[in-house]
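1. turn this into a model:
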Amino acid sequence: MNSWCGFGHRREYWSYIIRTLCCFRSTPRSLLLTSAESKNMGGGARYPYPKHVWSPAGGWWARPANWRSNTVITFAGIFAIAYGVWNVSADREVRHVQPNRPIPSMMWAKQYKDQSQES
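-> Modelled structure (predicted):
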């Protein structure tokens, strides 16, 4: 007997798929949320929390007023560090086996910049 994906015949496979999809379509209306109910979701009102607890993530309901400037400062710091790492890497890059075709790192590697200035 030929087995197809664990089913005896393709007809059995497709009947299984159709039965599975029909289960989703026949979901009782009591389990579905209306738009008004979905807007009220979120775990309830805010409750008192201990002020002495510190968390690097911000703690309960963290949404500082200056989140935009914090985000800009963080991305500027990430960019500055990445730029520094890029420059150090480009200065220290040395290829002992020369590529047989142009590669992108030849545009910024110190080894190839020196060769192009000499010729």
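2. do you know the pLDDT at the closest residue to Trp108 other than its chain neighbours?
-> Here the nearest residue to Trp108 in space, its sequence neighbours aside, is Ala90; by C-beta to C-beta, 6 or more residues apart in numbering that works out to 4.7 Å. Yep, even glycine has a C-beta here, placed from its N, CA and C like the rest. pLDDT for Ala90: 88.
3. so Ala90, which of the three states?
-> Three-state secondary structure (criterion: DSSP: H, G, I helix; E, B strand; the rest coil) places Ala90 in helix.
4. state the number of residues packed around it.
-> Counted with other C-beta atoms under 10 Å, residues neighbouring Ala90 total 15.
5. how close does it sit to Gly84?
-> Applying C-beta to C-beta, to the nearest Å, the value for Ala90 to Gly84 is 11 Å.
6. what residues are up against the residue nearest to Trp108?
-> Ala90 makes contacts with Ser105, Trp108, Ala109, Lys110, as judged by C-beta atoms under 8 Å, 6 or more residues apart in numbering.
7. test my guess that the last one contacts Glu93.
-> It stands for Lys110. Yes - counting by C-beta atoms under 8 Å, Glu93 is a contact partner of Lys110 at 7.0 Å.
8. related to what we said a few turns ago, from the contacts of Ala90, which is closest to Tyr49?
-> Trp108 (50.5 Å; C-beta to C-beta).
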